[in-house]
Each structure stands twice: as C-alpha cells, then as structure tokens.
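A.B. asks: Build me a model:
(one chain, ligands or ions: 1)
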Amino acid sequence: MSVEEYAEGVLSGDRTALGRAITLVESHREDDWQLAQELLTRLLPKTGGAHRVGISGVPGVGKSTFIDSLGVRLLDKELRVAVLAVDPSSSLSGGSILGDKTRMERLASDPRAFIRPSPTSGSLGGVGRKTRETLLLCEAAGFDVVLVETVGVGQSETVVAEMVDCFLVLLLAGAGDELQGIKRGILELADILAVTKADGENRAPAERARAEFEGALHFMRPASEHWTPRVVTCSALEERGIDELWELVREHRQVLEKAGELEARRRRQQLRWMWSTVEEGLLQRLRHHPAVREQLDDLQSQVTAGQLTPTLAARRLLDLFSES
Ligand code: GDP
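C.D. replies: Numbering: from 1, shown residues only. Now for the predicted structure:
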C-alpha cells in the first residue's frame, strides 16, 4: 500500500486501513518506519481533535470494568471512542497484564468502538512512541475520545501522563498505600482521582479513602495553577458516579482550554517526546559504537575496582563516541 492509500483509508475512517496503519507504526522494520513517518507527516494536520484521557491503576482496581462502562456511555452520547493500552509487563516479561483476559466485553463487541492492545515487544519508551503515534492515527480517523489505559508498573504512568490531556488515576479503598503502589509521583501526575468499587459494604470505606486522598493532596503543589486535582468515588458495577466523573473530565478540559493551558501542555509534550527519543537513540548509538564497545568492559572494571572515577570513565566513553 502506498502512503496515499494508507492516508485515504485512515481519513475515511476505514477500520481495516486504520488497523494496517497501526501495524505499520508498530513495525520494527526500517522501511516500514520510513513509510510510517511519511504517513504521520501527511496526517499531522488532521490530528489533535480528540479528547485524550489517560486511565491508570493497579491490576484489579477495576480499569477494564470502568472503561467498559464509561465507553458505552460515551458511545451513547454519539462520541466515537478508541481505547489504547500501554502495558509495560509485555516489554518486561513477554507476558501481558492488560492483554491476557477478555476485557471490556461490551465495548469490544460494539462496532463503533475501537480497542487496540499495546505492542507486545520493545522498550517502554518504544511502546510509548507507538501508542502516541497510534493515538494520532485514531485522531486522523475521526475518534472523539481516546482512552489510554496503563497499569501502575515501572514508569508507565509517566509515559501515559505525557501523552494525554487529562490523567485519571483509579484507586482502591483500604488497600494500603504500599499495595497500591501509591507513590507521591502518581498523585503528582493525576488530574482526577477516583476510588473505585464504591458499592455495597465498600461504600463507606471508599468515602473514607476519598477524604484521605483529598487530605494527602492538600500537601502537594498542584501541577497546574488553574486546576486543583479532585477526588471522587464511583462504582462501575452499579454504574454510579461514572457520568459525574466524565463531567469532571470535561470540566478539566474546559478550564485548561480557557486558560490556554491545553495547547501549552500539548506543545510541551511534543517537545519532551522529541527529546526523550533523542536521549534513547543517543544511548543506543553510544552502546553500539565500535570504539565504545571495545573499551567498555575495561572501563567498567576499572570503575568497579575503584581505580577510575565514574566521572572520568563517563567522559572517556563520551569522547570515544564523539571522536569518530
Ligand atoms: P483491572 O485489572 O484493573 O482491569 O480490573 P477489572 O476491571 O478486571 O476488575 C477486577 C475485579 O473487580 C473484577 O472481578 C471485577 O468484577 C471487580 N470490579 C470491577 N469494578 C467493580 C465495581 O465497581 N464494584 C465491585 N464491587 N467490583 C468491581
């Protein structure tokens, strides 16, 4: 297929063409990479139209049930919904947390929704790049809302927070901070926090947890001067709090848009994406550089034996890399 054919297919909203374009973006082959970049360059003016929302939380917090429930509601509002995943488990262990079971049953069986699991190999940075580019393709294909899901493993939350307009963190009541991996970092990334499974006997503990998280947020400086992160409760099982949560996501967008912060946030993300790709690429080139490879073992041994300072060793590696 030529770039024109890919572009026409994606722009017309053709699912098969979109799927093939995503496969192209995910490919490891150099010629595919060239073609994918040409395609993205062509589509770039048609991107940016979706509301990009990140959804994060530990396995079992209820992400798929929540996304299923939210997604169906959005479809009912005539919004076109795509769900993408960033799953670091697939790059770390070859297995997959997000891809293994049948998830989001109602959404998956609805032809109006588009669900794409994360690429199964590559570094987290690579998976992040592919998901970002898939997001752009979905926008060119006319999706109104793109939900990007991730588990709280490694740096995956940061990777997702860096590609969305609104970052939503799902939490469990009474699970203990350690169990939930609630690092200060994730609270700093969140625009909205939701305590899930606020139903039956869990309703009161969920409300208490909500108040506790709200208290914890008071001690933190909000990432935005226009938006103070909010904490809510919801139950996907009883379908309660989901509409309110979406209203909050919309309110967040309106506030940011009005302040000019949405555009600023996206511009910042584009530049960080560029620089993190440069960093990753440089490191890879350095590691594969013949002169560096030749001296690496020796320099490492000298550092571990205490014969050479890490600073000097690093300087030598950089010199070897840039001299030839
Ligand atoms: P994920 O691993 O984060 O995607 O979590 P799942 O959506 O697969 O949910 C994990 C478990 O929690 C499943 O057994 C769900 O049935 C259950 N669950 C999900 N949402 C709710 C909810 O709102 N209320 C209750 N009581 N259980 C829920």
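A.B. asks: how about the residues of the protein near the ligand?
C.D. replies: 57, 59-65, 196-197, 199, 235-237 (CB under 6 Å from any ligand atom). Where you see a C-beta, it was placed from the backbone N, CA and C, and this is true even at glycine.
A.B. asks: one more time with 5 Å, if that's ok
C.D. replies: By CB under 5 Å from any ligand atom, the residues of the chain that approach the ligand are Pro59, Gly60, Val61, Gly62, Lys63, Ser64, Thr65, Lys197, Asp199, Ser235, Ala236, Leu237.
A.B. asks: which of these has the most neighbours?
C.D. replies: Neighbour count (other CB atoms under 10 Å) singles out Lys63 as the most crowded of these, with 26 neighbours.
A.B. asks: Angles on the backbone of the closest residue to that one other than its chain neighbours, please.
C.D. replies: Nearest residue to Lys63, sequence neighbours excluded (CB to CB, 6 or more residues apart in numbering): Gly57, at 5.3 Å. Note on Gly57: backbone dihedrals following degrees, to the nearest 10 are phi 170, psi 160.
A.B. asks: try Pro222
C.D. replies: phi -60, psi 150.
A.B. asks: What of the one 5 residues further on?
C.D. replies: Listed backbone geometry of Trp227 is phi -140, psi 130, with angles given as degrees, to the nearest 10.
A.B. asks: Go ahead and confirm it touches Gln254.
C.D. replies: No - Trp227 lies out of contact with Gln254 (CB atoms under 8 Å); the separation is 10.3 Å.
A.B. asks: neighbour count winner among those two?
C.D. replies: Neighbours were counted for Trp227 and for Gln254 using other CB under 10 Å; Trp227 has more, 18 against 11.
A.B. asks: Spit out the contact partners of the more buried one.
C.D. replies: Contacts here follow CB atoms under 8 Å, 6 or more residues apart in numbering; on that basis Trp227 touches Asp191, His252, Val255, Leu256.
A.B. asks: Which of those residues fall in helices?
C.D. replies: Using DSSP state H, His252, Val255, Leu256 are the members of the contacts of Trp227 that sit in helices.
A.B. asks: low-confidence ranges in the stretch 1-150 of the chain?
C.D. replies: Low-confidence segments of the stretch 1-150 of the chain (pLDDT under 70): 89-102, 120-121.
A.B. asks: the helices in it, which residues?
C.D. replies: Assigned by DSSP state H, counting those that start in this stretch, the helices in the stretch 1-150 of the chain fall at 3-11, 15-26, 30-43, 63-76, 88-92, 105-108, 124-140.
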